[in-house]
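Engineer: sequence and computational prediction follow.
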Amino acid sequence: MKLSRRQWIAGAAAAGVVGVAASKASLPPSSRGIFGVSDALTYAAHRVLLAHQPLAREFGRDMITPDFPVNGERSPGDPLYQQQRARKFADWSLSITGLVETPEDYSLAYFKSLPARTQVTQHSCEEGWSAIAEWTGVQLSRVLKEVGVQPEARYVVFETVDGWWDSIDMADALHPQTLLAYGMNGGELPVAYGAPLRLRVERQLGYKNLKYVSRMLVTNRVDNIKDGTGSNAYEAGFAWYAGI
Ligand SMILES: Nc1nc2c(c(=O)[nH]1)N[C@H]1C(S)=C(S)[C@@H](COP(=O)(O)O)O[C@H]1N2
Ligand SMILES: [Mo]
């Protein structure tokens with residue numbers, strides 16, 4: 001019998017559920033509650049289907065959307081952020097803590113000193129629009145290697161200056177297209193798009209791509225952080241895992 005793509009996905013999801021039953025380790029943080037079942041199914045299916053870390057589609061520069069929409073904050077009111085912005089982020093830093101060898105505050109110059117990756121990708125917002133842009137930054141996998149990520153690490157948690165927080169699992173954290181981006185369309189990352197540093201997680205929906213990242217925590221659990229669901233998106237009615 002030849003399975004259709006849909007049947008195959010359903011089968012993979014079922015296989016994932018068996019896996020989930022066998023090991024609680026593959027349950028997403030928000031697997032309880034109303035969205036719990038579908039969240040767990042999507043997550044399990046994607047982790048089976050995407051086990052080989054396929055790349056999200058990349059485009060030519062001619063495909064870049066001229067007016068990439070801005071969603072949410074355009075310039076966070078936080079006074080420290082505004083001071084840093086006025087000084088062109090020269091004294092900005094990102095705190096990296098948790099399961100790493102060298103927890104520290106890392107400057108923007110530090111991230112720019114690491115090898116850069118540039119990619120033209122499509123951003124898809126859960127509100128129904130999508131747009132293409134070129135992003136330049138350092139691979140999160142490279143940063144994790146530099147700071148000495150410990151083997152028991154399972155999640156990377158991010159906080160932003162405008163009060164958002166979210167987390168991704170190690171499969172997404174180590175994916176080659178997951179970037180801490182400081183450049184957009186060949187220039188500096190503009191303030192409206194999350195300067196000085198934003199997350200690009202190309203295989204998840206728009207809201208996972210946090211702007212204005214200010215803190216990063218490497219951890220083996222998120223159930224002990226805030227409401228235990230792994231992100232503030234869940235509170236707003238969105239799944240923790242937003243794979244596309
Ligand atoms: N810190 C922060 N990150 C955020 C948001 C936000 O409001 N604040 N909005 C999210 C949503 S819903 C989307 S679609 C994208 C929008 O990114 P853009 O403004 O660069 O288009 O950022 C995501 N990251
Ligand atoms: Mo969004």
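Structural biologist: It's in. Keep in mind the model is a prediction, meaning the values are calculated, not measured. Numbers count the residues shown, from 1 in each chain. Ligands and ions are numbered 1, 2, ... in the order given.
Engineer: from here on, just use CA atoms for contacts and neighbour counts.
Structural biologist: Noted.
Engineer: for Ala44, give me the pLDDT.
Structural biologist: Looking at Ala44, its pLDDT stands at 89.
Engineer: so it, which state does it fall into?
Structural biologist: helix (DSSP: H, G, I helix; E, B strand; the rest coil).
Engineer: verify the stated contact: it with Ser26.
Structural biologist: Yes: counting by C-alpha atoms under 8 Å, Ala44 does reach Ser26; the two are 7.0 Å apart.
Engineer: who's more crowded, these two?
Structural biologist: Neighbours were counted for Ala44 and for Ser26 using other C-alpha atoms under 10 Å; Ala44 has more, 24 against 16.
Engineer: what's the spacing between the one residue in the chain that gets nearest to ligand 2 and Gly206?
Structural biologist: Scanning the chain for proximity to ligand 2 using C-alpha to the ion identifies Cys125 as nearest, at 3.8 Å. Distance from Cys125 to Gly206, counting by C-alpha to C-alpha, to the nearest Å: 4 Å.
Engineer: who's more crowded, these two?
Structural biologist: Gly206 (21 against 17).
Engineer: what strand or helix carries Ile143?
Structural biologist: Small correction: residue 143 is Val, not Ile. Using DSSP states H and E, Val143 maps to helix 140-146.
Engineer: so which bits of that helix are buried?
Structural biologist: Leu140, Ser141, Arg142, Val143, Leu144 (16 or more other C-alpha atoms under 10 Å).
Engineer: could you report the neighbour count for the nearest residue to Glu152 once chain neighbours are set aside?
Structural biologist: Excluding the flanking residues, the one nearest Glu152 by C-alpha to C-alpha, 6 or more residues apart in numbering is Asn220, at 6.2 Å. Asn220 has 17 neighbours, counted by other C-alpha under 10 Å.
Engineer: pLDDT score for Asn220?
Structural biologist: So Asn220 comes in at 96 (pLDDT).
Engineer: one more: Val20?
Structural biologist: Predicted confidence (pLDDT) for Val20: 42.
Engineer: which residue is the nearest non-sequential neighbour of the most centrally placed residue in the chain?
Structural biologist: Central residue of the chain (C-alpha atoms, centre = their mean): Val201, 4.1 Å from the mean position. What sits nearest to Val201 in space, not counting adjacent residues and going by C-alpha to C-alpha, 6+ apart, is Thr178, at 4.8 Å.
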